[in-house]
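Trainee: Please find the sequence and the predicted model below.
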Amino acid sequence: MNVTIVGTGYVGLVTGACLAELGNHVFCLDLDQDKVAMLQRGVIPIYEPGLQELVDRNVEEGRLTFSSDVEASIAFGDVQFIAVGTPPDEDGDADLRHVFAAARAIGRHMERSKVIVQKSTVPVGTGELVSAVVREELEARDKEIEYAVVSNPEFLKEGCAIDDFMHPDRIILGVGDDLPGRRALLMMRQLYLPFNRNHERTRVMDVRSAELAKYAANAMLATRISFMNELANLADRLGADIELVRQGIGADPRIGYSFLYAGTGYGGSCFPKDVEALCRTAQAQGQRLQVLEAVQAVNQVQKHVLLDKVFAHFGPNLRGRSFAVYGLAFKPDTDDMREAPSRVLVAGLLRAGASVVAHDPVAQEQAARALAQDLADAPHLLERLSYVAKPADALREADALVLVTEWKHYRSPPLAAMKKLMRSPLVFDGRNLWDPHQLATAGVTYVGVGRNNHAQLRAAEKAQPPAQPLAFKKKPRVGNG
Ligand code: UDX
């Protein structure tokens, strides 16, 4: 099938490359000529495992083309994906400018029937507006050409987007019930046939339900995370371990294990933006989504959790102290710094007078840019921030190590280096990546998120070593109980 993808951002590139890999011919259109020139030279502007190889192969084999020629690109595809950015505007609503510009361009240049697929995450009702824009353009040219607008939301996680695309757990297709809608559905089924051979993964619904399903999925996942983060803070107070609680509840198939990891709050381009946009959609309908508003508030607090723990340990004045920070990207396997919790931590440490030596396997450049923005009011603080190429180098003379992003590079705690290089071996583990017992046994003080019972027990044991092994002594029975 011939496919056009409008927008070569993260979603557009992954969708284009994967559809080409499945044997389709794909034109990826972008108005940014520099970006297109870069892509034509084989330079991928984002870090996504496996994407470079996929793009290279499909370009070489002639199935994937990058272009800034609007007319030619729109003429090419029977299916036109709109995969442009929908960043939040000043009020937190999704800014649909690029979506409508793409729809307008399609309406202006299409000469034969098209299936227009909305891939970007857009507020409920946008499908109808996109359809109206296309109709307007066709009427202006006095053309009667059949088209249908399909909502086909993406569920791609950064860092495993290719795997998510190639092994979808569901493919949502929101289509109208009219004749163009039914024809469009046939084409979309054909396009996604390779994923449905053994097991039907397509969920067909109306456009509005498909649009809402996308927001609902992200909102549900964000809710699980904030719920666990709030419980983790309670576990800290109660002396319980949130990791054990997670295992305890995840075993219930109604709950399941995924997205129950407490940490430093969710970041990235999707959850914060989509939860906010859904709250605003509801408000516009005269309804408040109280659960989701709380999810957002909890997440804001959680982004400060590591900083709070550092202050609880060292006091609010960190002058003369040095911190090693592991992991800056908002999550592993990406260089994305959007809404990354590391930004709150690093800026907070610097503002409190500390020096920071940071390591991230891929996001250091992006982090430097993001932090320069965050500290635009106090750029001199950046002089106390440096980056190292090897994680162990960050530990030299550090008062503490703060782990923010659970890259697999950090999976084994560098115990020997910690003890040899740090001023005192102390770890704040923002992702509960390491085993508190292992660290405690090695003489490293461990502070996790929601598992301070271990640190407390250790401190208590140290303060008062038991004179004899703790044994449960049988008390003489009193009364008749
Ligand atoms: C998300 C959705 O998962 C994806 O389906 C959608 O299409 C786009 O948004 P992404 O933003 O790439 O994907 O990252 P994801 O892996 O979902 O993680 C989001 C954030 O939640 C990260 O900051 C991550 O660290 C955090 N998280 C995730 C937790 O804090 N705990 C968890 O248990 C899981």
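Mentor: Received, thanks.

Trainee: For stretch 415-423, what is the distance to the chain centroid?
Mentor: In terms of CA atoms, centre = their mean, to the nearest Å, the centre of stretch 415-423 is set 32 Å apart from its chain centre.

Trainee: er, stretch 185-203 I mean
Mentor: The chain centroid and the centroid of stretch 185-203 are separated by 27 Å under CA atoms, centre = their mean.

Trainee: With stretch 261-269 instead?
Mentor: Taking CA atoms, centre = their mean, the mean C-alpha location of stretch 261-269 is offset from the chain mean by 8 Å.

Trainee: And for stretch 412-419?
Mentor: How far stretch 412-419 lies from its chain's middle: 29 Å, per CA atoms, centre = their mean.

Trainee: ok, now stretch 36-52?
Mentor: 20 Å.

Trainee: Flag every buried residue along the helix or strand hosting Ile74.
Mentor: In this assignment (DSSP states H and E), Ile74 forms part of helix 70-76. Neighbour-count burial for helix 70-76, counted by 16 or more other CB atoms under 10 Å, picks out 70, 73-76. All C-beta atoms are positioned from the backbone trio N, CA, C, and that covers glycine.

Trainee: swap in stretch 372-392?
Mentor: For stretch 372-392, the buried set under the neighbour-count rule, 16+ other CB under 10 Å, comprises 374-375, 381-382, 385, 387-388, 391.

Trainee: May I have the phi/psi pair for Arg411?
Mentor: Per-residue torsions, Arg411: phi -60, psi -40 (degrees, to the nearest 10).

Trainee: Quick check: closest non-adjacent residue to it.
Mentor: If the residues on either side of it in the chain are set aside, Arg411 comes closest to Leu433, at 6.9 Å by CB to CB, 6 or more residues apart in numbering.

Trainee: then stretch 271-291 to PDB, C-alphas only?
Mentor: Output in PDB follows, covering the C-alpha atoms of stretch 271-291 (Å, rounded to 0.1, in the frame of the first residue of the first chain):
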ATOM      1  CA  PHE A 271       1.500  11.600  30.600                       C
ATOM      2  CA  PRO A 272       1.800  15.100  31.900                       C
ATOM      3  CA  LYS A 273       0.400  16.600  28.700                       C
ATOM      4  CA  ASP A 274      -2.500  14.100  28.200                       C
ATOM      5  CA  VAL A 275      -3.600  14.100  31.800                       C
ATOM      6  CA  GLU A 276      -3.800  17.900  31.800                       C
ATOM      7  CA  ALA A 277      -5.600  18.000  28.400                       C
ATOM      8  CA  LEU A 278      -8.200  15.400  29.600                       C
ATOM      9  CA  CYS A 279      -8.800  17.500  32.700                       C
ATOM     10  CA  ARG A 280      -9.400  20.500  30.600                       C
ATOM     11  CA  THR A 281     -11.600  18.700  28.100                       C
ATOM     12  CA  ALA A 282     -13.800  17.700  31.000                       C
ATOM     13  CA  GLN A 283     -13.800  21.200  32.400                       C
ATOM     14  CA  ALA A 284     -15.000  22.500  29.100                       C
ATOM     15  CA  GLN A 285     -17.900  20.100  29.400                       C
ATOM     16  CA  GLY A 286     -18.700  21.400  32.900                       C
ATOM     17  CA  GLN A 287     -17.200  18.400  34.700                       C
ATOM     18  CA  ARG A 288     -14.200  18.100  36.900                       C
ATOM     19  CA  LEU A 289     -12.100  14.900  36.800                       C
ATOM     20  CA  GLN A 290     -11.200  15.000  40.500                       C
ATOM     21  CA  VAL A 291      -9.200  11.800  40.400                       C
END
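
Trainee: what about Gln40, distance to Asp30?
Mentor: Using CB to CB, to the nearest Å, we find Gln40 at a distance of 11 Å from Asp30.

Trainee: Just want to know which of those two has more residues nearby.
Mentor: Asp30 (22 against 13; other CB atoms under 10 Å).

Trainee: and the residue lying closest to that one once chain neighbours are set aside, what does it touch?
Mentor: Spatial nearest neighbour of Asp30, chain neighbours left out: Thr8 (4.2 Å); criterion: CB to CB, 6+ apart. If you count contacts by CB atoms under 8 Å, 6 or more residues apart in numbering, Thr8 has them with 16, 28-30, 32, 35-36, 39, 66.

Trainee: of those, closest to Leu349?
Mentor: Distances from Leu349 to the contacts of Thr8, taken as CB to CB, are shortest for Lys35 (34.8 Å).

Trainee: ok so, going back, now list the buried members of the contacts of Thr8.
Mentor: Judged by 16+ other CB under 10 Å, buried ones among the contacts of Thr8: 16, 28-30, 35-36, 39, 66.

Trainee: Need the max-distance pair from those residues.
Mentor: Largest separation among these by CB to CB: Gly16 and Lys35, giving 13.2 Å.

Trainee: ok, now how distant is the closest residue to Gln33 other than its chain neighbours from Lys35?
Mentor: Distances taken as CB to CB, 6+ apart put Ser68 closest to Gln33, at 4.8 Å, once the chain neighbours are dropped. Relative to Lys35, Ser68 is positioned 8 Å away (CB to CB).

Trainee: do the same with Cys279
Mentor: From Cys279 across to Lys35, the span is 32 Å (CB to CB).

Trainee: cool, and Tyr10?
Mentor: 12 Å.

Trainee: With Pro316 instead?
Mentor: Look at Pro316 and Lys35: by CB to CB, they are 44 Å apart.

Trainee: surely Leu289 meets Cys279?
Mentor: Yes. Counting by CB atoms under 8 Å, Leu289 does reach Cys279; the two are 5.2 Å apart.

Trainee: Between those two, point out the one with more neighbours.
Mentor: Comparing Leu289 with Cys279 by other CB under 10 Å, the one with more neighbours is Cys279, at 22 against 17.

Trainee: quick check, that one in a strand?
Mentor: No. Under DSSP: H, G, I helix; E, B strand; the rest coil, Cys279 sits outside any strand and is assigned helix.

Trainee: Looking at Cys28 now. What's its pLDDT?
Mentor: Looking at Cys28, its pLDDT stands at 97.

Trainee: how deep is Asp429 tucked in, by neighbour count?
Mentor: Counted with other CB under 10 Å, Asp429 comes out at 26.
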